[in-house]
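**Q** Predicted coordinates and the sequence they were generated for:
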Amino acid sequence: MNKKVMSSGIWFTISNFLIRSIGFITTPIFTRMLSTTEFGEYNNFITWTSILLIITSLNLEASLIRARFDFEKDLKNYVVSMIMLSTISTVLWYGFIVGFNIYFTKIFSMDLKYLNCMFIYLLFYPVINIFQTMERFQYRYKWTVLISIVIAISNSLLSVLFVYVLPDRLTGRIIGYVLPVLLIGIIIIFYFILIKTKIKIMYWRYAIPFTLPFIPHLLSMNLLSGMDRIMIKKVCGTEDLALYSLAYTCGSVISTLVSSINSAYSPWLSEMLSKRDYNSIRRISVPYVFFFCFCASGTVLVIPEILLFLGGKSYFEAVYVVPPVAASTIMQFIYCMYVNVEQYEKKTKIMACASVLSVIINYVLNSIFIPKYGYIAAAYTTYASYFVLMLLHIYIVKKIGKIYVYKNIKIFLIAILFSCVMFISSMIINRYIIRYMIVCIYALSVFIFILLNKNKLKNKF
């Protein structure tokens, strides 16, 4: 990969981890300022917001993986057309849900005022997301990084302020979450107005057939990551949801690495696919997967300390949730590689079928094991579902005739190896001496690798 791709990948990774760090710094504040019930209700709000975002926004930014080539000379008009289509869709959904709010407030388990806050977020977040996707596919990372950092910092600061000032602490937390997105979204809209972009209906006709199958796919993915929390709340209660949510957040910190690397990898992959440069893809794929798995397994070793810092002793019993959740991110990372190929080839319908099937599997497993073994079982059912999903996407890429793009057997063996490492790490969580020795070995191996490859790394970066 050239220096431009590497630079964007590095900055996306740094900014995402900085954003996540800001969230981690403020999480101990919120776990202490909010009751476990309020913390659980806030996570319920976040879960439903992420699910509805896919439906209302139509996931139009996904079309840019091909639109960047098909409409290269008119990309800004394409982007503003996607923003308008997303806005119209969100307004229509808002009218429908508020019109039947008696039913939907019960389904979502939240008051109407929080429902209104949710739709403000749903209206303006796609504006930011589509703009950032455009910038990312052109390897322009400065505005994307700046916007992400501004939203993260203002989100945290305003949330702390509103939770402290307002009598309803949950309302304060939600307002602090929504307000930065509202303001940044308005600024981006004014930017497109100033540069005199045009809305073209022809681009709607191009994008809708491409992205509609994406809705059940991404909806399934959000249900896969959020269904466990919804079912835990109903079966085990809000306090167990709070425990699981915090532990899940710790485990899914590795997902930040997934999204960060994929932010640079997917534009590069689509470029290589357009050039039919499969040798470059195969050459990169194995070390790419190994690097991620190595980082992920190393992170799990220090998760107990992070969980203790974030939530205190009252949340520490959920520490056994973290290893299987972290192992799930390996499966997520690998299936994303295959999904990128499916996206480029416009094979989104069969991709959606695989995602729906994995959600059904997850629902069945949760229904069996959560009532029997409690909230910790949900982490293992999530891993099983992601594992099946990874296999399904490998099969799909084989069916569309692109199985040769990756070194599949090596990638699969690396995934199994590091999954085993994750599960073994759960057995040594309370054996501090052994765990710290392994942490030192990890750190030493990284240092030796950098020392042996310092000249290559200088040339790359």
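**A** Happy to help now that I have it. Numbers count the residues shown, from 1 in each chain.
**Q** what about Ala327, distance to Ile441?
**A** Distance from Ala327 to Ile441, counting by CB to CB, to the nearest Å: 20 Å. Quick note: C-beta positions are derived from backbone N, CA and C, even for glycine.
**Q** more crowded one of those two?
**A** The neighbour count for Ala327 versus Ile441, taken as other CB atoms under 10 Å, is higher for Ala327 (31 against 12).
**Q** Relative to Lys407, how far out is the more buried one?
**A** Distance, Ala327 to Lys407, using CB to CB: 21 Å.
**Q** Quickly find the element holding the closest residue to Thr36 other than its chain neighbours.
**A** Nearest residue to Thr36, sequence neighbours excluded (CB to CB, 6 or more residues apart in numbering): Ala242, at 4.3 Å. For Ala242, the host element (DSSP states H and E) is helix 238-251.
**Q** Can you list the neighbours in contact with the helix or strand hosting Ala296?
**A** Using DSSP H and E, Ala296 falls within helix 278-300. With CB atoms under 8 Å, 6 or more residues apart in numbering as the test, helix 278-300 has contacts from 1, 251, 253-254, 257-258, 261, 265, 269, 272-273, 322-323, 326, 329-330, 333-334, 337, 404-407, 410-411, 414-415, 417-418, 421-422, 425, 439, 442.
**Q** Thr144 contacts Gln132, doesn't it?
**A** Yes: look at Thr144 against Gln132 with CB atoms under 8 Å: they come within range, at 4.5 Å.
**Q** Mind listing the shared neighbours of those two?
**A** When CB under 8 Å, 6+ apart defines a contact, no residue borders Thr144 and Gln132 alike.
**Q** hmm, back to that, Produce a PyMOL select command limited to the buried residues of the contacts of helix 278-300.
**A** A single PyMOL command is used to select the members of the contacts of helix 278-300 judged buried by 16 or more other CB atoms under 10 Å:
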select buried, resi 1+251+253+254+257+258+261+265+269+272+273+322+323+326+329+330+333+334+337+405+406+407+411+414+415+418+421+422+425+442
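**Q** Check the contact between Ala22 and Ile151; I expect there is one.
**A** Small correction: residue 22 is Ile, not Ala. No: judged on CB under 8 Å, Ile22 makes no contact with Ile151 at a distance of 10.0 Å.
**Q** okay, these two: which has more neighbours?
**A** Ile151 (21 against 17).
**Q** For the stretch 201-350 of the chain, which segments count as helices?
**A** Secondary structure of the stretch 201-350 of the chain by DSSP state H, counting those that start in this stretch: the helices cover 201-211, 214-235, 238-251, 253-275, 278-300, 303-311, 322-344, 348-373.
**Q** In which helix or strand does Met110 reside?
**A** Per DSSP H and E, there is no helix or strand for Met110.
**Q** hang on, it packs against Glu41?
**A** Yes: counting by CB under 8 Å, Glu41 is a contact partner of Met110 at 7.3 Å.
**Q** Quick one: mean pLDDT over stretch 36-48.
**A** Per-residue pLDDT over stretch 36-48 has a mean of 82.
**Q** Ignore what I typed, I meant stretch 405-419.
**A** pLDDT averaged over stretch 405-419 gives 88.
**Q** One more: stretch 192-204?
**A** On average, the pLDDT along stretch 192-204 is 89.
**Q** One more: stretch 57-72?
**A** Stretch 57-72 comes out at a mean pLDDT of 82.
**Q** Okay, now that stretch: how far is its last residue from its first?
**A** 23 Å (CA to CA, to the nearest Å).
**Q** likewise stretch 96-115?
**A** End-to-end distance (CA to CA), stretch 96-115: 12 Å.
**Q** tell me which residues in it are buried?
**A** Buried, per 16+ other CB under 10 Å, within stretch 96-115: Ile97, Phe104, Thr105, Phe108, Met110, Tyr114, Leu115.
**Q** Name the nearest residue to the first one, ignoring sequence neighbours.
**A** Nearest residue to Ile97, sequence neighbours excluded (CB to CB, 6+ apart): Phe104, at 4.9 Å.
**Q** how far away is the closest residue to Leu365 other than its chain neighbours from Asp228?
**A** Spatially, and ignoring its direct neighbours in sequence, Leu365 is nearest to Thr381 (3.8 Å; CB to CB, 6+ apart). Taking CB to CB as the measure, Thr381 falls 7 Å from Asp228.
**Q** shaky segments in the stretch 251-400 of the chain?
**A** Low-confidence regions of the stretch 251-400 of the chain, defined by pLDDT under 70, span residues 251-260, 262-264, 309-312, 314-316.
**Q** about what we covered before: give the residue from Thr381 and Asp228 that has the larger number of neighbours.
**A** Each of Thr381 and Asp228 has its neighbours counted (other CB under 10 Å); Asp228 has more, 29 against 26.
**Q** and the nearest residue to the more buried one once chain neighbours are set aside, what helix or strand is that in?
**A** Distances taken as CB to CB, 6+ apart put Ala378 closest to Asp228, at 3.7 Å, once the chain neighbours are dropped. Using DSSP H and E, Ala378 maps to helix 376-399.
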